[in-house]
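[1] missing the sequence, but the structure's below:
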Ligand SMILES: [Cu+]
């Protein structure tokens, strides 16, 4: 069946980054689950993003993270969204298991520095982040890359790189031809 | 007070285009109202977009269109979203009044051809649309432009032009310096 992708969201994630990741992966045919993280998830499945757009989650992270496996976990950035993602123990365990299973973890904007770096997931890896969060990476050697791929970890920078990032995720799951097919009708620069 | 923008949405609008327009305008400081259109609006303010992302409206169009005026009305595209926007008589009247008042109407992707063109709003104007919808424009003379400005009407093409489109809307409302200020942290190509 189609590759599966988990997109965890929390209060204050960047809505452009969230929606671009989900939409582009769905255009490719991925089964994408938007899963809410944190306090709000206890009572509801919608999340207020960084600029006030409210997005409905498809599930609560706690209901899917332990029982399902995903071919990819992709994290949007935004603040305080990335901090809220970093605080979630269920997400941290899911990311650990994902890398142990040699499956893809992807993160952009604030999340490489705020969610992945403190857990050591970026140690020894080429990676990037939003310019304001490069200081939180273990190394800035690859920080100028708009999308940086190192084995099972794919990172990127901000809303203006989000479509390129999402297409790299499509290429990882479906190959380069599908990525070109999805890119065509989007009228990229 | 800050410039006001109405962003009408309907079932099947493109979620990337919707969220990019709203988010970038809010980064600039605009007061943006996401307003739901059509059948669903009678009972709820949640709208399911073209790739299944559900977004909350801030209001129902019928509750604000007749009582409030906006400095700009900006339409996302997506199908069948644009068709659903075109079917809404309240929206059609709001667009008519907007142009009579010499205020800005902006539309992208399917919406220039599907919402604006049939009402004559693009007659004699330079305009563009998604490549698949250029056939619905009164003329394709300016269709290669990624963002086309002709007086009170601003049009654009697809998800890959949405940030440029949104920044043109920021420039219209706040000037070029604000548009550059908002663009900076987004890490554009
Ligand atoms: Cu961001």
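    Arrived safely, thanks for sending. Quantities reported herein were computed from a predicted structural model and do not represent experimental measurements. Residues are numbered from 1 along each chain as shown, chains lettered A, B, ... in the order given.
[2] make it CA atoms for all contacts and neighbour counts henceforth
    Noted.
[3] Report pLDDT for residue A:107.
    For residue A:107, the model assigns a pLDDT of 99.
[4] and the gap between it and the ion?
    11 Å (CA to the ion, to the nearest Å).
[5] So for the residue nearest the centre of chain A, what's the nearest residue that isn't a sequence neighbour?
    Per CA atoms, centre = their mean, the C-alpha nearest to the average position across chain A is that of residue A:75, at 2.0 Å. Nearest residue to residue A:75 in three dimensions, chain neighbours excluded: residue A:107, at 4.5 Å (CA to CA, 6 or more residues apart in numbering or on different chains).
[6] ok, the residue nearest to the centre of chain A touching residue A:104?
    No - with contact defined as CA atoms under 8 Å, residue A:75 does not count as touching residue A:104 (11.2 Å).
[7] Alongside the ion, which residues does chain A contribute?
    Within chain A, the positions near the ion by CA under 5 Å from the ion are A:77-78, A:109, A:158.
[8] cutoff 6 Å now
    Residues of chain A lying close to the ion (CA under 6 Å from the ion) are A:14, A:77-78, A:109, A:158-159.
[9] can you tell me which of those residues are up against chain B?
    Among those, the residues lying close to chain B (CA under 8 Å from any CA of the partner chain) are A:158-159.
[10] Make TSV from the residues of chain A next to the ion and add neighbour count and secondary structure to it.
    Formatted as TSV, these follow (neighbours: other CA atoms under 10 Å in any protein chain shown; DSSP: H, G, I helix; E, B strand; the rest coil):
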residue	neighbour count	secondary structure
A:14	29	coil
A:77	35	coil
A:78	28	coil
A:109	31	coil
A:158	25	coil
A:159	29	helix
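[11] Could you save the residues of chain A next to the ion as TSV and add columns showing distance to residue A:120?
    Below are the residues of chain A next to the ion laid out as TSV (distance: CA to CA, whole Å):
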residue	distance to residue A:120
A:14	23
A:77	18
A:78	20
A:109	17
A:158	22
A:159	25
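[12] re the thing from before, pull up the pairing partners for the helix or strand hosting the residue nearest to residue A:75, direction included.
    Here residue A:107, judged by DSSP states H and E, is contained in strand A:104-108. Sheet pairing of strand A:104-108 (DSSP bridges) gives strand A:72-75 (parallel), strand A:153-156 (parallel).
[13] will you turn those strands into TSV that also has mean pLDDT?
    Output for the strands paired with strand A:104-108, formatted as TSV (pLDDT from 0 to 100):
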stretch	mean pLDDT
strand A:72-75	98
strand A:153-156	98
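[14] Which one of those strands lies nearest to residue B:23?
    Closest approach to residue B:23 among the strands paired with strand A:104-108 is made by strand A:72-75 (18.3 Å; CA to CA).
[15] Point out where chain A drops to low pLDDT.
    A:39-44 (pLDDT under 70).
[16] Which positions in stretch A:165-176 come out as buried?
    A:165-174 (16 or more other CA atoms under 10 Å in any protein chain shown).
[17] which stretches of chain A form strands?
    Ranges of strands in chain A, per DSSP state E, are A:4-9, A:31-36, A:46-48, A:54-56, A:59-60, A:72-75, A:104-108, A:147-150, A:153-156.
[18] How about the residues of chain A by chain B?
    Counting by CA under 8 Å from any CA, chain A sits next to chain B at A:15-16, A:19-20, A:22-23, A:26-27, A:51, A:53-56, A:130-131, A:157-161, A:163, A:185-189.
[19] Mark which of these are buried, thanks.
    Counted by 16+ other CA under 10 Å, those give A:15-16, A:19-20, A:22-23, A:26-27, A:51, A:53-56, A:130-131, A:157-161, A:163, A:186-187 as buried.
[20] got the residue ranges for the helices in chain A?
    Taking DSSP state H as the test, the helices found in chain A are A:15-28, A:61-64, A:81-86, A:89-100, A:111, A:162-174, A:176-183.
[21] on contacts alone, who are the packing partners of the third one?
    Which is helix A:81-86. strand A:4-9 (3 or more CA pairs under 8 Å, 6 or more residues apart in numbering or on different chains; DSSP states H and E).
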